[in-house]
Structure formats: C-alpha cells, structure tokens
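S.K.: The amino acid sequence is not available; the structure is as follows:
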C-alpha cells in the first residue's frame, strides 16, 4: 500500500464546487486505477487536504503518465484552486486503520 497527501487553497466561494469535482475525480481514479479512494479534510487555516491510498507507488507514478481519469472534473477542480501546495508521497510503515 502507498499513500499520497495533496494540499490546496481554493478561491473564496468555490469550496463546494471543488468538493463536488474532487468526488467525481476520486471515483474516476478509483475505477480506472484501482485505488482505495481518498479522504478530503479541511485544516483550521482553511486549506483542503486529501489523503489518497494507492496499491503501490508504481501504480501512482504510472497513473501520472496517463491522461486524466476525468478531464471535466480536473478542469472544474483547477478552476477553484487558488494555490496548489503539492503532493507528498507517503510510504506506509505502520497501518492501524480499522
């Protein structure tokens, strides 16, 4: 198992649109690439943080070389983003999720 953390600041008033597009994109990625899905969080500072679980780093890297799983959802997300704070690859070393 492999995980990736993504962080964004979205434009004021666009969080609902971003969340809707994020849900569509996450479902498309899960269907196309066999991920375990993702969780979206909001920090106290208002940033949105997603934690996505992939079968392996190789699956994640290969997906990054392919066309978008849902171009319309990707465009909708990008239209809401004020600043992308990047992706952080995370190798799982202990797993206590139920």
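M.R.: Sure thing, it's come through. All figures in this text were calculated on a predicted structure; none of them were measured in a lab. Numbers count the residues shown, from 1 in each chain.
S.K.: quick one: contacts of the longest strand that the chain contains?
M.R.: Criterion DSSP state E: the longest strand present in the chain is strand 81-91. Defining contact as CB atoms under 8 Å, 6 or more residues apart in numbering, one finds that strand 81-91 is touched by 2-11, 18, 47, 57, 60. To be clear about C-beta, it is placed using only N, CA and C from the backbone, and glycine gets the same treatment.
S.K.: Restricted to strands, list these.
M.R.: The strands, defined by DSSP E, take in 2, 3, 4, 5, 6, 7, 8, 9, 10 from those.
S.K.: out of those, who's nearest residue 96?
M.R.: Using CB to CB, residue 3 comes nearest to residue 96 of the ones in strands among the contacts of strand 81-91, at 13.5 Å.
S.K.: The closest one against residue 50, yeah?
M.R.: No: Residue 3 lies out of contact with residue 50 (CB atoms under 8 Å); the separation is 10.3 Å.
S.K.: picking that back up, can you add pLDDT, distance to residue 43 and neighbour count and give the ones in strands among the contacts of strand 81-91 back as TSV?
M.R.: Formatted as TSV, the ones in strands among the contacts of strand 81-91 follow (pLDDT from 0 to 100; distance: CB to CB, whole Å; neighbours: other CB atoms under 10 Å):
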residue	pLDDT	distance to residue 43	neighbour count
2	95	23	18
3	97	18	19
4	98	17	17
5	98	12	16
6	98	13	17
7	98	8	16
8	98	11	21
9	98	10	16
10	98	12	23
